[in-house]
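In: sequence and predicted structure are below.
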Amino acid sequence: MTTPRTLRDTLATLSGVTATRARIASHLVGRERELELALAAVAAGRDLVLEGPPGTSKTTLLKAITEEWGIPLVFVEGNADLTPAKLVGHHKPSRVLREDYSADNFVAGPLVQAMRSGGFLYIEEFNRAPEDTLNTLLTAMADRAVEVPRVGRIVAEPTFRVLASMNPYDNVGTTRLSTSISDRLNRIVVDYQDAAAEEDIVVLRTGLAGELARRIMPDAVAVVRATRDRADVRQGSSVRGAIDCALVVWELAGLRGLTRPDDERYPETFYDAMTVCLSGRIRLDEAAETTPERVLREIWEDRFILDPARAEPG
């Protein structure tokens, strides 16, 4: 990680987008286009939201950028409990009672911390936060400054940015962003990667190797991708499900003494791991008269029984 010595050094680093792109890309599998677009947006001084389903490297991409540039990343989780006071800051009640309101007893929230340090304010699950809380960002994004009662005007350092990630609007618990917020944000849509890239991610994240692992990886990715293509599933699993599935299959195989990919017990072992790792990750369509376990059984049968050639070792 590069840590600039001064704010001027930081700005110079931000302008050297081409020189840092390759190093940042080493933290990611694929995502070259999304990385290039994100780098261009933040280097241009713009605020940015990444929109896509869970497990599509949104957070990983933004963290890789800030780590490479040595810029503080101030993290906030968007949810119904995120109030304007939690985002901006508050006065200590005990000191207010003793001393009245003053700038000295103000506790800076993540927004003010990021503005003062020239950091990136990163709000995860952006469209799960209340609208009145998000509206507190409007002047920070438009004017790069905020007025805090009894504290005064806080002007952001030049490297301050608002970064956010969010799930698509139709996901459970999400709300549509207001026009005022959307108009101040650049947006990059991030979707699932292809099967080869997801297999590379599973290999990287699990560290598994060997003959058995080489069968587990594509099977794990295949069944996870199948959860996204069914009419009775509203939201399928992300690649995180494939990572967990591969790891659990590996451990379960060890417990059962299964060491070869052509062991006849492998398909049922894989199914047992599937139910553990994926049954809680898929969201069924409200009109579907089925269960997660039944959906997974059908996906497993498609992979291992109806079309076994795709699931054969090697």
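Out: Nice, I can see it. Numbers count the residues shown, from 1 in each chain.
In: for residue 19, give me the pLDDT.
Out: Residue 19 is assigned 66 on the pLDDT scale.
In: now do the contacts for residue 299.
Out: 223, 226-227, 230, 274 (C-beta atoms under 8 Å, 6 or more residues apart in numbering). In short, each C-beta sits where N, CA and C put it, glycine included.
In: can you put those residues in a markdown table and add pLDDT, secondary structure and neighbour count?
Out: Shown next, in a markdown table, are the contacts of residue 299 (pLDDT from 0 to 100; DSSP: H, G, I helix; E, B strand; the rest coil; neighbours: other C-beta atoms under 10 Å):
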| residue | pLDDT | secondary structure | neighbour count |
| --- | --- | --- | --- |
| 223 | 97 | helix | 26 |
| 226 | 97 | helix | 20 |
| 227 | 97 | coil | 22 |
| 230 | 93 | coil | 17 |
| 274 | 97 | helix | 26 |
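In: of all those, which comes closest to residue 245?
Out: residue 274 (6.2 Å; C-beta to C-beta).
In: separation between that closest one and residue 282?
Out: 11 Å (C-beta to C-beta, to the nearest Å).
In: name the residues contacting each of those two.
Out: Counting by C-beta under 8 Å, 6+ apart, the residues touching both residue 274 and residue 282 are residue 296.
In: got the contacts of residue 299 as JSON lines, with distance to residue 210 columns?
Out: Listed next are those as JSON lines, based on distance: C-beta to C-beta, whole Å:
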{"residue": "223", "distance to residue 210": "20"}
{"residue": "226", "distance to residue 210": "25"}
{"residue": "227", "distance to residue 210": "26"}
{"residue": "230", "distance to residue 210": "32"}
{"residue": "274", "distance to residue 210": "21"}
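In: can you tell me which of the residues you listed comes closest to residue 240?
Out: Using C-beta to C-beta, the contacts of residue 299 come closest to residue 240 at residue 227, 12.1 Å.
In: for the residue lying closest to the closest one once chain neighbours are set aside, grab the count of nearby residues.
Out: Leaving aside its chain neighbours, residue 227 sits nearest to residue 236 (3.4 Å; criterion: C-beta to C-beta, 6 or more residues apart in numbering). Applying other C-beta atoms under 10 Å, we find 21 other residues in the vicinity of residue 236.
In: how much space separates residue 47 from residue 123?
Out: 10 Å.
In: if you count surrounding residues, which of those two has more?
Out: Between residue 47 and residue 123, counted using other C-beta under 10 Å, the more crowded position is residue 123 (26 against 21).
In: how about the contacts made by that one?
Out: 76-78, 129, 162-165.
In: could you do residue 237 as well?
Out: Contacts of residue 237 (C-beta under 8 Å, 6+ apart): 55, 224, 227-228, 278, 281-282.
In: any chance of TSV for the residues you listed, columns distance to residue 260?
Out: Below are those laid out as TSV (distance: C-beta to C-beta, whole Å):
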residue	distance to residue 260
55	30
224	24
227	27
228	30
278	24
281	29
282	30
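In: restricted to helices, list these.
Out: Among these, the members falling in helices (DSSP state H) are 224, 278.
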